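Q: Below are the sequence and a predicted model for it; my questions follow.
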Amino acid sequence: MSLARTSSACAALALGLAACAVGPNYKRPAPPVDPGYGAASSVNTTPAAEGPAGNAQRFVAGMDIPGEWWTLFKSRELDLLIERALKGNPDVGAAQAALKQAHELYLAQKTSFFPNVQGSFGGDRSQYPTGTLTAPANTVNSTYSLYTAQLTLTYMPDVFGGVRRAVEMAKAQEQSTRFQLEATYLTLTSNVAVTAITEALLRGQIKSTERLLELQHHLTQVAQKQRALGTASDLDVLAQQSAEALIAQTLPPLQKQLGQTRDALTALLGKLPAQEPSETFTLDRLTLPDDLPVSIPSKLIEQRPDVRQAEENLHAASAAVGVAIADMLPQFAINADVGSSALTVGRLFSPYTGFWDAGASLTQTLFDAGALLHKKRAADAALDQAGAQYRAAVILACQNVADTLRALNADADVLRTSVDAQRAARRTWELAQRQRQLGTLSPVAVVNAELTLAQAELAVSQAQASRFSDTVGLFQSLGGGWWNRGEEPHYEQPGPAGE
């Protein structure tokens, strides 16, 4: 009871001294005051165009983002692939494990507020020199056994708040890891969506290129027949063969890109190339969202995982300065022991075998060649670095949104002009067909008109894919709606065969 009262008194004194924590108290940086993104946010609605993915998109200020934003494209295949990627991609598993590690380290750091109590039991057999020493134990023999059971209490009072700053730093590091996980989710879902759109574009390009190649081959055959009849020269045939070869050489790179895109999509799912998904994509099976959110910069920094991660890194760096200052100040310690020592195990804890001691100490570093001072200066520099990195993250976030808004407006203009060109090419081709039926136009002219139409259709497909990809980019640049997500994705460990 005397030991308990002494320890309690020492702890109460230490807590009374710990009225504040040294180092700067963290304050969140002021958010941007800009109401928008300059000229990039001056347009509220994009131009419309005829055909698929030609709908006008409206930018709605303050509109919230759904947690599963990819469902706005209304593609069941895309929804299934993203769901599987969130469960099977190893980057997700690594990020989730890193968060669990950071959480456990934070909980471990919190234990520094409490005393450390250790129990020990020891026994030894000894012999003393009877001719020179008196018996250390109440025994007639020169050999004896001694058994000791003991509890040791060690407590480091947080007088200057160094422990509190260390716990604050560990908590900020955990939060930083949490936002890193959110960034992993966002990057993965965006990559799956963009890769699926790229696949859809490549399939359309391959189809259009194959049609172009068929038309060019037909023109080559016509040129060869005309050469046989004497109405065309060798130069005409060679020129047409060269045009056909130019189209033919564009097809293998597209096929290669499609294969590599499928490999990339398989890897995003956490699968090996032999486990390629059965789902395929075409642009006509995707829907372009009509309403798009636009968050103001002050709201954006709350949504972007990379900005939030940079902020938590700044918080951790601020707490680290307090830890460095506390290390330069006196260190207090409270120690206590209680136990029993006896010549036999059976007599442990019997009357007159108990012992205890309690004490306190203060330690101050007097000379370390400036090591603690340099560590404190290093912590100050790390805080400046984290502050600059946070500002850079905010600037990058706003730049991403502005760039995407500009891209979406430009994409709509490109699609509109591409559709106009396609419409003109189609009308030209239809007119050429009617003139051919009347016998006033050659077959070659009709094929050339169809060739122009195929090239115009290819340009339309590229413009449509750009609208889809940049729409994904907008959701990604705005943070992806993680704050509205319901159930947390859970990484599923693969089986022995990687399945």
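A: Everything's here; your move.

Q: Most remote residue from the middle of the chain, which is it?
A: Distance from the centre of the chain peaks at residue 131, with 76.3 Å (C-alpha atoms, centre = their mean).

Q: Can you give me the buried ones in stretch 41-50?
A: Residues of stretch 41-50 classed as buried: 41, 46, 47, 49 (neighbour count, 16 or more other C-beta atoms under 10 Å). (C-beta placed from N, C-alpha, C; glycine too.)

Q: and the residues you listed as TSV, adding distance to residue 299 and secondary structure?
A: Output for the buried residues of stretch 41-50, formatted as TSV (distance: C-beta to C-beta, whole Å; DSSP: H, G, I helix; E, B strand; the rest coil):
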residue	distance to residue 299	secondary structure
41	13	helix
46	22	coil
47	27	coil
49	31	coil
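
Q: mind checking the SS state of the residue farthest from the centre of the chain?
A: On the three-state scheme (DSSP: H, G, I helix; E, B strand; the rest coil), residue 131 is labelled coil.

Q: now the one 10 residues further on
A: Put simply, residue 141 is coil when judged by three-state DSSP.

Q: picking that back up, may I have the phi/psi pair for the residue farthest from the centre of the chain?
A: Note on residue 131: backbone dihedrals following degrees, to the nearest 10 are phi -80, psi -20.

Q: who touches stretch 239-253?
A: Stretch 239-253 is contacted by residues 206, 209, 210, 212, 213, 216, 217, 219, 220, 223 when judged by C-beta atoms under 8 Å, 6 or more residues apart in numbering.

Q: Surely the fourth one touches residue 454?
A: Yes. Under the criterion of C-beta atoms under 8 Å, residue 212 is in contact with residue 454, at a separation of 5.0 Å.

Q: Number of residues surrounding residue 225?
A: Neighbour count of residue 225, defined by other C-beta atoms under 10 Å: 12.

Q: Contacts only, for it.
A: Contacts of residue 225 (C-beta under 8 Å, 6+ apart): none.

Q: Which strand or helix spans it?
A: Using DSSP states H and E, residue 225 sits in helix 162-229.

Q: Tell me what angle the helix or strand just after that helix forms with helix 162-229.
A: Next helix or strand after helix 162-229 toward the C-terminus (DSSP H and E): helix 234-248. Interaxial angle, helix 234-248 versus helix 162-229 (axes from the mean of the first three to the mean of the last three C-alpha atoms, to 10 degrees): 160 degrees.

Q: so for helix 234-248, what's the average pLDDT?
A: Per-residue pLDDT over helix 234-248 has a mean of 88.

Q: helix, strand or coil for residue 267?
A: When classified by three-state DSSP, residue 267 comes out as helix.

Q: re earlier: and the helix holding residue 225, how far out from the chain middle?
A: Here helix 162-229 is found 18 Å from its chain centre; the criterion is C-alpha atoms, centre = their mean, to the nearest Å.

Q: which residues does residue 220 contact?
A: The contact partners of residue 220, by C-beta under 8 Å, 6+ apart, come to 237, 240, 241, 244.

Q: Redo these as TSV? Include neighbour count.
A: Listed next are the contacts of residue 220 as TSV, based on neighbours: other C-beta atoms under 10 Å:
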residue	neighbour count
237	18
240	22
241	16
244	21
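
Q: of all those residues, which two lie farthest apart?
A: Farthest pair in the contacts of residue 220 (C-beta to C-beta) is 237 and 244. Separation: 10.6 Å.

Q: Now do the helices in the stretch 301-450 of the chain.
A: 305-327, 371-438, 443-477 (DSSP state H, counting those that start in this stretch).

Q: rewinding a little: ok, the residue farthest from the centre of the chain to residue 329 distance?
A: Distance from residue 131 to residue 329, counting by C-beta to C-beta, to the nearest Å: 54 Å.

Q: One more: residue 466?
A: As judged by C-beta to C-beta, residue 466 and residue 329 stand 60 Å apart.

Q: Of the two, which one has the most company?
A: Neighbours per residue (other C-beta under 10 Å) separate residue 466 from residue 329, with residue 466 holding more: 20 against 15.

Q: Who are the contact partners of the residue nearest to that one when sequence neighbours are not counted?
A: Among residues not flanking residue 466 along the chain, residue 411 sits closest, at 4.6 Å (C-beta to C-beta, 6 or more residues apart in numbering). Listed by C-beta under 8 Å, 6+ apart, the contact set of residue 411 reads 46, 463, 466, 467, 470.

Q: Got the confidence number for residue 411?
A: Listed pLDDT for residue 411 reads 96.

Q: how much space between it and residue 479?
A: 21 Å.

Q: And for residue 58?
A: The gap separating residue 58 from residue 479 is 20 Å, by C-beta to C-beta.

Q: Look at those two and report which has more neighbours.
A: Neighbours per residue (other C-beta under 10 Å) separate residue 58 from residue 479, with residue 479 holding more: 27 against 14.

Q: and that one, that one's in a strand?
A: No. Read with three-state DSSP, residue 479 is coil and lies in no strand.

Q: I figured it hits residue 185, correct?
A: No. Applying C-beta under 8 Å as the test, residue 479 and residue 185 come out as separate, 10.7 Å apart.

Q: overlap in contacts of the two?
A: Counting by C-beta under 8 Å, 6+ apart, residue 479 and residue 185 have no common neighbour.

Q: Stretch 382-397: which residues count as buried?
A: By 16+ other C-beta under 10 Å, the buried positions in stretch 382-397 come out as 382, 383, 386, 387, 389, 390, 393, 394, 397.

Q: Please tell me I have it right and the fifth one contacts residue 312.
A: No. Proximity of residue 389 to residue 312 does not meet the contact threshold set by C-beta under 8 Å, at 11.4 Å.

Q: Could you tell me how far the closest residue to residue 264 other than its chain neighbours is located from residue 269?
A: What sits nearest to residue 264 in space, not counting adjacent residues and going by C-beta to C-beta, 6+ apart, is residue 195, at 5.5 Å. Plainly put, residue 195 is 10 Å away from residue 269 if you go by C-beta to C-beta.

Q: Could you report the pLDDT at residue 455?
A: Note for residue 455: predicted pLDDT of 90.

Q: ok, how many other residues are close to the closest residue to it other than its chain neighbours?
A: In space, residue 455 comes closest to residue 212 once its chain neighbours are excluded; the distance is 6.9 Å by C-beta to C-beta, 6+ apart. Neighbourhood size, residue 212 [other C-beta under 10 Å]: 23.

Q: now do residue 419
A: 20.

Q: residue contacts, the residue nearest to it when sequence neighbours are not counted?
A: If the residues on either side of it in the chain are set aside, residue 419 comes closest to residue 49, at 4.5 Å by C-beta to C-beta, 6+ apart. Residues near residue 49 by C-beta under 8 Å, 6+ apart: 412, 415, 416, 418, 419.
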